[in-house]
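A.B. asks: sequence below, structure please.
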Amino acid sequence: MRHLLLSAAVLAGVAFAGAASAENVHVNPQNSFISSAVKVPAGSETLYVSGITPDVVAGAPADRAFGDTKTQTASVLGRIGAILQGQGYGWEDVVMMRVLLVGDPAKGGGMDFAGMMESYNAVYGPLKKKPARITSQVAGLVRPGMMVEIEVQAAKKP
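C.D. replies: Reported below is the predicted structural model:
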């Protein structure tokens, strides 16, 4: 009986260690811009990054203090990248991204999806592991002129 319990404990420990060391699985069969799903194994460490907004662009006119959508997205992704790095994570560890875009008056009030994608692709274009993502147009953000807010969740082996 003692050997049976010891064997069961060893097998449970091996199974737990295997789960804890498993990698996130990014479901992206067409190698598109986003993953259609990301599976995070049990025992993973997670990081939740709040909605991040852009920095003011030095010298920009007051009505475009944060720049256009492309500029704002680059700013937000730069800020998120610094947070990830500061916590020991990388872009490959991001499993979910939520992008909120305000309509751009210069685009007839529609969201500038192409501008957002230019900055997004500057980060994720060369990477194989892309996050699951949603992109939505919203009526407004915390300050006038802000057109981009992004939040992410990341997960990795402990």
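A.B. asks: switch to C-alpha atoms for all contacts and neighbour counts from now on
C.D. replies: OK.
A.B. asks: got the contact list for F66?
C.D. replies: 54-57, 60, 72, 145-146 (CA atoms under 8 Å, 6 or more residues apart in numbering).
A.B. asks: before we move on, what about S50?
C.D. replies: Going by CA under 8 Å, 6+ apart, S50 touches 150-152.
A.B. asks: recalculate using a threshold of 10 Å.
C.D. replies: For S50, the contact set (CA atoms under 10 Å, 6 or more residues apart in numbering) comprises 80, 149-153.
A.B. asks: what about it, which SS state?
C.D. replies: Secondary structure, DSSP: H, G, I helix; E, B strand; the rest coil: S50 is strand.
A.B. asks: need the pLDDT of it.
C.D. replies: We have a pLDDT of 98 for S50.
A.B. asks: re the thing from before, lowest-confidence entry in the contacts of F66?
C.D. replies: Among the contacts of F66, A60 has the weakest pLDDT, 88.
A.B. asks: tell me the spacing between it and G145.
C.D. replies: 11 Å (CA to CA, to the nearest Å).
A.B. asks: and if you look at Y89?
C.D. replies: Distance from Y89 to G145, by CA to CA: 30 Å.
A.B. asks: and for P41?
C.D. replies: In terms of CA to CA, P41 sits 40 Å off from G145.
A.B. asks: please apply the same query to R79.
C.D. replies: Distance, R79 to G145, by CA to CA: 18 Å.
A.B. asks: between these two, which one's more packed in?
C.D. replies: Legend: neighbour count by other CA atoms under 10 Å for R79 and G145, higher for G145 (19 against 15).
A.B. asks: need the contact list for that one.
C.D. replies: Neighbour list for G145: 56, 62-68, 102, 104-105 [criterion: CA under 10 Å, 6+ apart].
A.B. asks: among these, which lie within strands?
C.D. replies: Residues of the contacts of G145 located in strands (DSSP state E): V102.
A.B. asks: could you list the low-pLDDT ranges of the chain?
C.D. replies: 1-21 (pLDDT under 70).
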